[in-house]
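Peer 1: next comes the sequence, and after it the predicted model I'd like to discuss.
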Amino acid sequence: MSTPQSNPVITDIFVVGARKGWNIATSSTLPNVVMAFIIIKALEITGALKGLGILFSPLMGLFGLPGEAAAVLIGGWMSMGGGIGVAIGLFDKGIITGEHLAILAPAIYLMGSQVQYLGRILGVIGTNAKRIPLMIVISIINAFLAMLLMRIII
């Protein structure tokens with residue numbers, strides 16, 4: 001095994017990368033996905049998921065999606081892992097299909113984790129606060145255009 005000051009061996013680099021990946025998965029991604037499952041169950045038990053579906057049905061219908069799919073976008077906007085967890089939860093309940101997941105996937109990543117990144121990145125680098133709402137709107141428009149494109153492709 002090599003020392004940290006010498007040229008690292010490829011296996012050492014792999015192990016360091018694997019440890020970092022494991023830490024990200026266990027401390028960030030997994031908690032977000034589990035939280036998304038809990039939120040979907042809570043929304044289902046309270047009937048709020050059905051209300052969400054009725055409320056967003058006209059908008060989500062433009063993309064060939066059920067109204068409940070809005071929960072995926074809202075979850076993804078807060079956290080990409082959360083959005084994916086919500087999508088898997090809705091898929092598991094039979095509310096959305098694989099086709100719906102394909103339409104939603106680009107939107108999750110185009111809108112992903114903005115709530116988290118507003119404070120972590122934009123605030124730290126000194127982004128003009130007046131431009132932040134415009135940045136959010138642009139990403140949402142991009143996400144909606146991607147869903148329209150995916151609906152055409154699929």
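Peer 2: Thanks, I have the structure now.

Peer 1: from residue 13, how far out is residue 151?
Peer 2: 42 Å (CB to CB, to the nearest Å). All C-beta spots, glycine's among them, are computed from the backbone N, C-alpha and C.

Peer 1: and what of residue 130?
Peer 2: Separation of residue 130 from residue 13 (CB to CB) stands at 43 Å.

Peer 1: who's more crowded, those two?
Peer 2: The residue with more neighbours, out of residue 130 and residue 13, is residue 13; 10 against 7, by other CB atoms under 10 Å.

Peer 1: and the helix of greatest length in the chain, what's buried?
Peer 2: For the chain, the helix reaching the highest residue count under DSSP state H is reported as helix 132-153. If you call a residue buried by 16 or more other CB atoms under 10 Å, then helix 132-153 has these buried ones: 139, 140, 143, 144, 146, 147, 150, 151.

Peer 1: got a list of contacts for it?
Peer 2: Counting by CB atoms under 8 Å, 6 or more residues apart in numbering, the neighbours of helix 132-153 from elsewhere in the structure are 62-65, 73, 102-107, 110-111, 114, 118, 122, 127.

Peer 1: name the residue closest to the centre of this structure, please.
Peer 2: With distances taken as CA atoms, centre = their mean, residue 80 lies nearest the centre of the chain, 2.3 Å away.

Peer 1: my guess is that one contacts residue 115. True?
Peer 2: No: the pair residue 80 / residue 115 is not scored as a contact, 10.8 Å apart, by CB atoms under 8 Å.

Peer 1: which pLDDT does the model give the residue lying closest to residue 77 once chain neighbours are set aside?
Peer 2: Taking CB to CB, 6 or more residues apart in numbering as the measure, residue 77 lies nearest to residue 111, with 4.9 Å between them; neighbours along the chain are not counted. We have a pLDDT of 90 for residue 111.
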